[in-house]
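**Q** any chance you can model this:
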Amino acid sequence: MTASDTRAAPQGDSLSTAPVVAVRDAHRDYRMGQEVVRALRGVSLEIAPGDYVAIVGPSGCGKSTLLNLLGVVDRPTEGQVLIQGRDVGAMRDREATSFRLRNIGFVFQRFYLMAMLSARENVELPMAEAGMSAAARIARARELLDYVGLGARERHRPGQLSGGEQQRVAIARALANRPGLLLADEPTGELDAHTGAEIIGLFRRLNEDGTTVVVVTHDGELAAAARRTIHMRDGQIIPPT
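**A** Coordinates of the predicted model:
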């Protein structure tokens with residue numbers, strides 16, 4: 001299998017230098033009773049095609065809130081979030097759901113696999129939601145499971161897989177619809193050091209094969225594997241010193 005079979009499909013002109021992500025002075029406030037929590041305070045950043053970015057910082061610094069904006073599961077209170085040139089904060093709910101399904105892949109700390117489905121069937125789920133034919137999604141799921149090293153375990157259910165294997169299935173599922181952006185929230189948080197290192201290696205290979213990756217992490221080794229690191233504190237990006 002070639003790298004182009006597994007990586008995110010090019011969006012438009014493959015030679016374009018337009019950013020995959022452009023966040024412009026984004027604020028996100030939450031009301032907690034009478035109190036307003038200012039989770040993001042004027043965040044701006046750009047992420048180019050093929051970049052690999054780690055977002056780090058203490059708990060409560062706003063990094064997960066930022067990831068939710070990039071994943072089109074939340075909207076900024078002020079400012080703009082553009083993904084592949086689209087102002088996702090202005091989308092209606094149905095449009096946002098469709099955009100997210102076809103353009104963004106998610107990997108979580110907990111794997112969120114369907115217990116009664118096989119590894120292959122779990123990978124097929126987002127393709128079924130996108131309306132892909134059964135034959136096409138079976139072939140794609142098998143390609144992706146081969147890519148993450150689990151081709152021989154496609155019929156195994158999550159309970160028959162180790163934690164690292166379950167995360168590999170989750171990564172394959174995230175890539176199913178060839179997203180232009182892969183987001184990961186503490187993807188090594190549930191894994192031991194050895195297994196975590198294997199997942200770090202897989203993320204590095206995904207990026208080398210052309211996938212744009214953004215991870216939120218407390219894992220210093222995962223952050224060190226990224227091409228660049230963004231530090232956050234108190235809802236803001238800290239300028240590099």
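**Q** when you work out contacts or count neighbours from here on, use the C-alpha atoms and nothing else.
**A** Fine.
**Q** what about stretch 38-51, average pLDDT?
**A** Mean pLDDT, stretch 38-51: 95.
**Q** report the distance from it to the chain centre.
**A** Taking the mean of its C-alpha atoms, stretch 38-51 sits 14 Å from the chain's own mean (CA atoms, centre = their mean, to the nearest Å).
**Q** contacting residues around it?
**A** Outside stretch 38-51, the residues that touch it by CA atoms under 8 Å, 6 or more residues apart in numbering are 17-30, 53, 60-62, 65-66, 79, 207-208, 210-213, 227, 234-237.
**Q** now do stretch 219-238: distance to the chain's middle.
**A** 15 Å.
**Q** show me which residues of that stretch are buried.
**A** In terms of neighbour count (16 or more other CA atoms under 10 Å), stretch 219-238 has its buried residues at 219, 222-223, 225-226, 229-237.
**Q** thinking again about what came up before, hmm, which of the contacts of stretch 38-51 are the buried ones?
**A** Burial of those was assessed by neighbour count (16+ other CA under 10 Å); the buried members are 19-28, 53, 61-62, 65-66, 79, 207, 210-213, 234-237.
**Q** the residue nearest to the spatial centre of the chain bridge partners, please.
**A** Closest to where the C-alpha atoms of the chain average out (CA atoms, centre = their mean) is residue 183, at 1.5 Å. For residue 183, the beta-bridge partners under DSSP bridges are residue 106, residue 214.
**Q** how close does it get to residue 197?
**A** 18 Å (CA to CA, to the nearest Å).
**Q** over to residue 53?
**A** Taken as CA to CA, the span from residue 53 to residue 197 is 17 Å.
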